[in-house]
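*Asks:* sharing a model that was predicted from the sequence below.
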Amino acid sequence: MMNDSVNRRRMLVASATGLATCSGMVPGTSCYAGSADTGRSPNTTTGGRAKSTILFFLCGGASQIDTWDMKPTAPAEYRGPFQPIATNAAEIQLCEHLPLLAQQARHLSLIRSVSGTVNTNDHHGGYYYNLTGHVPDPTFLTKGNDRTPYPDDWPFMGAVVASRRSRHAYLPNAMTLPHMPSRKPYTRPGQFSARLGVQYDPLYLQGSNEKPLSFSAPALELQAGTDTSRVASRAELLTALDDARRHFDKTATGIFTQQQQRAFSMLSSAQTTKAFDVSKEPVQCRQRYGETVNGMSLLLARRLVEVGVPFITVFWLGDGVGTPLAKKCRSAGSWDTHGSNFDCLKDDLLPEFDQCFSALVEDLDQRNLLDQTSLLVSSEMGRNPKIGDRRSGGVSGAGRDHWTHLLTNVVAGGGIQGGRIYGSSDRLGEYPAENPVTPAHVVHTVYHAMGVTNLEAEDTQGRPYQLLDAGEPLYELF
């Protein structure tokens, strides 16, 4: 079980990984200017074109039938009131409330046949499956939301990528923002490096709805009144303590010492807080993304791509428990639309998503970064195609319940052919029909785009094992 002390220790170690100073991050002079070159040669035949991946995870469970996989000929009790619209990709139609993305559809490919079925039909299991590619073990069923992250869990796809890339010169190989889902003590499993070792955990940057332009790494912030001289004295103290720690396992001590040194380097840098300051971006660029915490998180993700961070995750941050949107959707917020599904999507969720994600695709394209940046939009589940959820009054509540049996993933960039549809669902949007796949196939597709071909690791006894032996990349998309 991951208690608060373990959480703090994990955060400290993970936050220290690879992080020194971000003085190399130079904002562009306009929203669509400039380019980046991290020096990695693409291989258009076997994959490996992507230098970075941005995962945009729509926390709560986004409705596939009201966005990417509409069923206009299905019975009314399934299809809902939304209408599909044409896009600039002949094969793709999208929801009418995604007009900006319709203009970017030529860059997107939709995987409409993802079966992420978990026996719990809940968020915990859905996170784990879609973030790691591994079916949740039986503890997810026996413990439910009390199933905390375990040290021997299968690792997050971002941690695997981080472990397979050469260490970035001054940043971690994996970064996550603007929060760590979900509210403690119900931290979602699947977002950590787990059995790979905490040295590959993402650095978590924290943002908020109240201050969307501000991002920080809380575990590494200096307390008020602490200056760099005090940091130096603490370093000297820890050096002395190291002498008394020699009986510890050498490998673990070496990892700790490495992260400790990098943490002090960051703490001593005057550039630390400036590094993630999206307010330095041009006003017109911020306005194009939308100055919400999710919009600014995607803008920061683009900045991190520019300086060569291999894996960036943006977990959609909702308004939270007790807020008007949470009450309206009969949930804890975000995309968990148990009630008023259509009003929540039309009035709140889809406009914000449409603006910020279309801006990211357009921005990367204009900067000539899209072909070397792999994009994945995912969620822990889809929504039940049949309208009505008992917790919001049934049909009259106009909600959609959890549905892990089908979801659509969106991929783009990194060698992916745009304007494509892979697979299909049945006529009601309940189950995969043609070319059914699982989250394992999607995770392998990310690895393929990033050129990650060696998935062998060793356990603590030196025995080799495969990090993901189910599924394979969706080569047809490349």
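*Replies:* Right, received. Where do you want to start?

*Asks:* report the beta-bridge partner residues of the spatially closest residue to residue 108 that is not a sequence neighbour.
*Replies:* Leaving aside its chain neighbours, residue 108 sits nearest to residue 412 (4.9 Å; criterion: C-beta to C-beta, 6 or more residues apart in numbering). C-beta coordinates here come from the backbone N, C-alpha and C atoms, glycine included. Residue 412 has the following beta-bridge partners by DSSP bridges: residue 108, residue 375.

*Asks:* got a list of what residue 412 touches?
*Replies:* 107, 108, 109, 361, 370, 374, 375, 418 (C-beta atoms under 8 Å, 6 or more residues apart in numbering).

*Asks:* let's see it at 7 Å
*Replies:* Contact analysis of residue 412 by C-beta atoms under 7 Å, 6 or more residues apart in numbering lists 107, 108, 109, 361, 375, 418.

*Asks:* quick one: the strands in this structure, in order.
*Replies:* Assigned by DSSP state E, the chain shows strands spanning 52-57, 84-86, 93-95, 108-114, 174-177, 203-204, 311-315, 373-378, 382-383, 402-403, 407-412, 420-422, 456-458, 464-466.

*Asks:* mean confidence for the fourth one?
*Replies:* Put plainly, it is strand 108-114. In this model, strand 108-114 has a mean pLDDT of 98.

*Asks:* and residue 276, which of the strands of the chain is closest to it?
*Replies:* strand 174-177 (8.3 Å; C-beta to C-beta).

*Asks:* tell me the mean pLDDT for that closest one?
*Replies:* The model assigns strand 174-177 a mean pLDDT of 96.

*Asks:* mind giving me the packing neighbours of that strand?
*Replies:* Judged by 3 or more C-beta pairs under 7 Å, 6 or more residues apart in numbering; DSSP states H and E, strand 174-177 is in contact with helix 157-164, helix 293-306, strand 311-315.

*Asks:* let me have these in TSV, extended by distance to residue 465, mean neighbour count and mean pLDDT.
*Replies:* Below are these laid out as TSV (distance: least, C-beta to C-beta, whole Å; neighbours: other C-beta atoms under 10 Å; pLDDT from 0 to 100):
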stretch	distance to residue 465	mean neighbour count	mean pLDDT
helix 157-164	13	25	97
helix 293-306	31	25	96
strand 311-315	22	25	98
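
*Asks:* any chance of these in a markdown table, plus distance to residue 461?
*Replies:* Putting the helices and strands packed on strand 174-177 into a markdown table (distance: least, C-beta to C-beta, whole Å) gives the following:
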| stretch | distance to residue 461 |
| --- | --- |
| helix 157-164 | 19 |
| helix 293-306 | 36 |
| strand 311-315 | 28 |
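
*Asks:* so which of these is nearest residue 437?
*Replies:* When the helices and strands packed on strand 174-177 are compared by C-beta to C-beta, helix 157-164 sits nearest residue 437, at 15.2 Å.

*Asks:* and the two most separated of the contacts of residue 412?
*Replies:* Farthest pair in the contacts of residue 412 (C-beta to C-beta) is 109 and 361. Separation: 12.0 Å.

*Asks:* where in the stretch 101-250 of the chain is pLDDT low?
*Replies:* The stretch 101-250 of the chain contains residues with pLDDT under 70 at 218-250.

*Asks:* ok, which stretches of it are helices?
*Replies:* Per DSSP state H, counting those that start in this stretch, the stretch 101-250 of the chain carries helices over the ranges 123-132, 139-143, 157-164, 228-243, 250-267.

*Asks:* may I have the first one exported as CSV, CA atoms only?
*Replies:* The C-alpha trace of helix 123-132 is given here as CSV (Å, rounded to 0.1, in the frame of the first residue of the first chain):
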residue,chain,number,x,y,z
HIS,A,123,-11.6,4.0,-13.5
HIS,A,124,-8.8,2.3,-11.6
GLY,A,125,-8.7,-0.7,-13.9
GLY,A,126,-9.2,1.5,-17.0
TYR,A,127,-6.3,3.7,-16.1
TYR,A,128,-4.0,0.8,-15.6
TYR,A,129,-4.9,-1.1,-18.8
ASN,A,130,-4.7,2.0,-21.1
LEU,A,131,-1.5,3.4,-19.5
THR,A,132,0.5,0.2,-19.3
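
*Asks:* please begin residue numbering at 15 from this point
*Replies:* Noted, 15 is the first residue going forward, which turns the last one into helix 137-146.

*Asks:* now do that helix: distance to the chain's middle.
*Replies:* Its chain's C-alpha centre and that of helix 137-146 lie 12 Å apart, by C-alpha atoms, centre = their mean, to the nearest Å.

*Asks:* tell me, how many residues neighbour the closest residue to residue 372 other than its chain neighbours?
*Replies:* Nearest residue to residue 372 in three dimensions, chain neighbours excluded: residue 114, at 3.8 Å (C-beta to C-beta, 6+ apart). Other residues lying near residue 114 total 17 when counted by other C-beta atoms under 10 Å.

*Asks:* for residue 368, see how far away residue 114 is.
*Replies:* The spacing between residue 114 and residue 368, counted by C-beta to C-beta, to the nearest Å, is 5 Å.

*Asks:* please apply the same query to residue 210.
*Replies:* Counting by C-beta to C-beta, the gap from residue 210 to residue 368 is 35 Å.

*Asks:* and what of residue 439?
*Replies:* 22 Å.

*Asks:* so where is the stretch 265-414 of the chain shaky, pLDDT-wise?
*Replies:* Short version for the stretch 265-414 of the chain, where the test is pLDDT under 70: 265-289.

*Asks:* okay, residue 54: pLDDT?
*Replies:* Reported pLDDT for residue 54: 40.
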